[in-house]
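Trainee: how would this look folded up:
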Amino acid sequence: GAESVMQRPKPHTLAREAWLIWSRSLLMLVRSPALVVMHWVLALLVGTLMGVAFLNVQTDISGVQNRNGALFFALVFLSLASLSTVDVIFTERAVVRNEALSGHYSPVTYALIKGVIDAALLRVIPALLLSLPFYYLMGLHRDPAYAAIFMGVVPTFSAAAGLLSLFLCTVSNTPGSANLLIIVVLLLFMLFGGLIANLAVMPDAVVWISYLSIFRYAFEALLGNELDGQKIIPKLGDIELDIVLDGNGVIEQLGLSSDHVLRDIILLNLLTVLLWIMSGLSLWVRYVAVPKRQKHRY
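Mentor: I've put the predicted structure just below:
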């Protein structure tokens, strides 16, 4: 009676749960900042290296090729960096399981707050550190409106990749299986991202996968934003040909469209939010729904 009531954990408000998870996560980062520092430093170095490698890209066919490769490589780098989520999540898994089952906080709250922290410190900031030197050294669209779109799409994609990894961690039982699952999904999404294969000529039986790919929306938005209104002048050796290609027409040859930039940005943001919610629901199923069902069964 009285003893069981005293032992029952006091219910926590959502704000208290969020503060508990937030403060503890930040404390862990302060005590062991190596992961955050490594993400920031590597992103800055890679962004600078890419900017130098593609310094002042030209407005010819080789320039289009370099734009394609550089933009897609930036997305690949940021997506693979999201694998660091595996170590963070599985290091805390036992503690989170015990605290969630003890009623200290909801697993949904944990996943949502953890997703925000991971996105802010390990995804968005590194994406900006990569984008700044890369964009201006490479000499991409000088118009501030185009630069703003670029600086918005890349961090959003990075956050989406991190949340995708978080979700796949929540449905995996071991770090090894989580790593394998994340790599396979990312590679599949890369294949349907718009660069490796032309989506316009893909069979209907598989092209639907592209609509799930965060690469497809980010790459089309970035390339469409960059080539919009650009005049591409082909060269034969060092000789400019008396032909001017429209950047919008060039991107259409890849099966993409510069008219879809706004749509792609909206869908990329919606996918990001969806992955965030799915991570919370997945942990709720693992730590609340399944244990309750097993308890009632026995």
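Trainee: what residue lies at the spatial centre of the chain?
Mentor: Ala161 (2.4 Å; Cα atoms, centre = their mean).
Trainee: so what's it up against?
Mentor: Leu78, Ser79, Ala81, Ser82, Arg123, Leu186, Ile214 (Cβ atoms under 8 Å, 6 or more residues apart in numbering). Heads up, the C-betas are built off the backbone N, CA and C, glycines and all.
Trainee: so which of those residues are in helices?
Mentor: Using DSSP state H, the subset of these located in helices is Leu78, Ser79, Ala81, Leu186, Ile214.
Trainee: okay if I get the residues you listed as JSON lines plus neighbour count and pLDDT?
Mentor: Below are these laid out as JSON lines (neighbours: other Cβ atoms under 10 Å; pLDDT from 0 to 100):
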{"residue": "Leu78", "neighbour count": "25", "pLDDT": "98"}
{"residue": "Ser79", "neighbour count": "27", "pLDDT": "98"}
{"residue": "Ala81", "neighbour count": "23", "pLDDT": "96"}
{"residue": "Leu186", "neighbour count": "23", "pLDDT": "98"}
{"residue": "Ile214", "neighbour count": "27", "pLDDT": "98"}
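Trainee: which among the residues you listed gets closest to Ile21?
Mentor: Ala81 (22.9 Å; Cβ to Cβ).
Trainee: neighbours of the closest residue to Pro175 other than its chain neighbours, how many?
Mentor: Distance criterion Cβ to Cβ, 6 or more residues apart in numbering; nearest residue to Pro175, sequence neighbours excluded, is Phe90 at 4.8 Å. Close neighbours of Phe90, defined as other Cβ atoms under 10 Å, add up to 17.
Trainee: Val116 is in contact with Gly162, correct?
Mentor: No: Gly162 is beyond contact range of Val116, at 10.4 Å (criterion: Cβ atoms under 8 Å).
Trainee: and those two? which has more neighbours close in?
Mentor: Between Gly162 and Val116, counted using other Cβ under 10 Å, Gly162 has the larger neighbour count: 30 against 17.
Trainee: what residues are up against that one?
Mentor: Ser82, Thr85, Gly115, Asp118, Ala119, Leu122, Arg123.
Trainee: so where does it fall, helix or strand?
Mentor: Assessed by DSSP states H and E, Gly162 sits inside helix 144-170.
Trainee: mean confidence for that helix?
Mentor: For helix 144-170, the mean per-residue pLDDT is 96.
Trainee: what of stretch 22-39?
Mentor: On average, stretch 22-39 scores 85.
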